[in-house]
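Student: need a 3D model of the following:
(one chain, ligands or ions: 1)
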Amino acid sequence: MLERVQKFISSAGVASRRKAEEFIKSGQVFINGRKAKLGDKVNPKADVVKVYGKIIKAQDEKIYLMMNKPVGYVVSKSDPKHRKTIFDLLPNNLRTKVWNVGRLDADTQGLLILTNDGELTQQLAHPKFEHDKEYEVTTQEEPAESQLEKLRSGVEISTGLTYPAQIKQRDGKLRITIHEGKKRQVRRMVSAVGLTITNLKRIRVNKLNLPKDLPLGNYKVIKKTDIL
Ligand code: URA
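Tutor: Okay, here's the model as predicted:
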């Protein structure tokens, strides 16, 4: 069966579909010795596909992990400032196979999904699917009802007005659910209404809740159906 070369590369666990497209556009992908173009088709059983000079093998086994990310770790394969990365928390046999779906700031903790499934990565990243992301937010000040209302209806941050968010209060903390993913969005929203965050923790992505018994810095193998 033929499939698009960018799909083949992402299903092989090399990179997300979007990254695979970037590799193709930058001329780093070859099919049987010929430079690949976006949309070229390959037969995974017969064709030799090389990315950055390395032969890519078809891979069927999909890996899904959830991690309880600690504060102080960056979500990146490497860090120019030599900080610890979340990949340092994985054993060698997994570290090279998976990538993160979405990001958390270095100073944010909580639920992070890792996978080698390019399809899932795309589904979760695409705004049209509007997957919920829920955060538990501890603030220095007691939030006033007017501040909660502003967060609910949408606040102005430097990248524009945020979509209405779901805001609840539980055990003296805020629970904020958004489905956008702008950089430092929750921090910017909360600070825009005049509150100071002392702790930010992601506790849910779509169907997947961060379990109470998963220690910080640990990960757990899950299934795709736990997420979508
Ligand atoms: N919003 C933030 O401000 N930080 C995160 O890490 C995630 C969402």
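
Student: when you work out contacts or count neighbours from here on, use the C-alpha atoms and nothing else.
Tutor: Noted.

Student: contacts only, for the residue nearest the centre of the chain.
Tutor: Central residue of the chain (Cα atoms, centre = their mean): Gly102, 1.7 Å from the mean position. Residues in contact with Gly102 (Cα atoms under 8 Å, 6 or more residues apart in numbering) are 112-113, 125.

Student: show me which of the residues you listed is closest to Leu2.
Tutor: Among these, Ala125 lies closest to Leu2 (Cα to Cα), at 25.8 Å.

Student: can you check the pLDDT for Phe8?
Tutor: Here, the pLDDT recorded for Phe8 equals 93.

Student: next, it: secondary structure please.
Tutor: Phe8 carries the three-state label helix when classified by DSSP: H, G, I helix; E, B strand; the rest coil.

Student: my guess is it meets Pro44, correct?
Tutor: Yes. With contact defined as Cα atoms under 8 Å, Phe8 and Pro44 form a contacting pair (7.2 Å).

Student: so what's the backbone phi/psi at Met67?
Tutor: With angles defined as degrees, to the nearest 10, Met67 sits at phi -120, psi 150.

Student: ok, it to Glu136 distance?
Tutor: 16 Å (Cα to Cα, to the nearest Å).

Student: those two: which is more packed in?
Tutor: A count of neighbours by other Cα atoms under 10 Å puts Met67 above the other of Met67 and Glu136, at 24 against 21.

Student: once you drop chain neighbours, what's closest to that one?
Tutor: Spatial nearest neighbour of Met67, chain neighbours left out: Tyr219 (4.1 Å); criterion: Cα to Cα, 6 or more residues apart in numbering.

Student: that neighbour touches Tyr64, doesn't it?
Tutor: No. Between Tyr219 and Tyr64 there is no contact under Cα under 8 Å: 10.2 Å.

Student: tell me the helices and strands packed up against the longest strand anywhere in the chain.
Tutor: Among the segments of the chain that qualify as a strand by DSSP state E, the longest is strand 197-205. Packing partners of strand 197-205 (3 or more Cα pairs under 8 Å, 6 or more residues apart in numbering; DSSP states H and E): strand 109-115, strand 133-139, helix 185-192.

Student: pull out the buried positions in the next helix or strand after the first one.
Tutor: The one in question is strand 109-115. Downstream of strand 109-115, the first helix or strand assigned by DSSP states H and E is helix 118-125. Using 16 or more other Cα atoms under 10 Å as the test for burial, helix 118-125 gives 118, 120-121, 124-125.

Student: how deep is Val49 tucked in, by neighbour count?
Tutor: Neighbours of Val49 (other Cα under 10 Å): 25.
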